[in-house]
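[1] Here is the input, now give the coordinates:
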Amino acid sequence: MTRISIITSDTVPTAGLSSADAGLRAFSLGEGLRALGHEVTYHCPARLLEAVRESTDEAAKNLVRHGYMTTSLRETIEAARPDLALFTDWPLLTYAEGLEIPVVLDLSSPIILEKSFG
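    Numbers count the residues shown, from 1 in each chain. Next comes the predicted model:
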């Protein structure tokens, strides 16, 4: 079993949270990997987790525990002790510098096409 940290710029649709684009993509990838037997930890921006901060739901507690601020994203990932980090947003890669594990970028569509035709 591989421990995988999935880093997204949105919330994932669990613990009663709504989600869009990057969060839905992260959740789909994560749950697919979980179904294959991997241990998955989601890292969402801490500022987006205020609605579930006091929740007793285990999924909410995990999201809050692994929520990040960009200034400490690398340390937050390292604390989860993953074997691999999967990013769903390329701008967040700037905070991955110094990670001593494989880093994967899920680039669902080229940004140049999004900017040109979006």
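[2] counting contacts, what elements does the longest helix that the chain contains pack onto?
    The residue-count maximum for a helix in the chain (DSSP state H) belongs to helix 21-35. Contacts defined by 3 or more Cβ pairs under 8 Å, 6 or more residues apart in numbering; DSSP states H and E place helix 21-35 against strand 3-7, strand 39-43. Any C-beta I mention is one placed from the backbone N, CA and C, and that applies to glycine too.
[3] What strands flank the first one, and is each parallel or antiparallel?
    Same thing as strand 3-7. Paired strands of strand 3-7, with direction, are strand 39-43 (parallel), strand 84-87 (parallel) (DSSP bridges).
[4] So which residue is smack in the middle of this structure?
    The centroid of the chain falls nearest to I7 when counting by Cα atoms, centre = their mean (2.4 Å).
[5] Thought P82 was touching it, still the case?
    No. Judged on Cβ atoms under 8 Å, I7 makes no contact with P82 at a distance of 9.9 Å.
[6] can you list the weak-confidence ranges in this protein?
    The chain contains residues with pLDDT under 70 at 109-114, 118.
[7] got a list of what the residue nearest to the centre of the chain touches?
    Contacts for I7 (Cβ atoms under 8 Å, 6 or more residues apart in numbering) come out as A26, H43, Y68, L73, I77, A85, L86, F87, T88, D89, L92.
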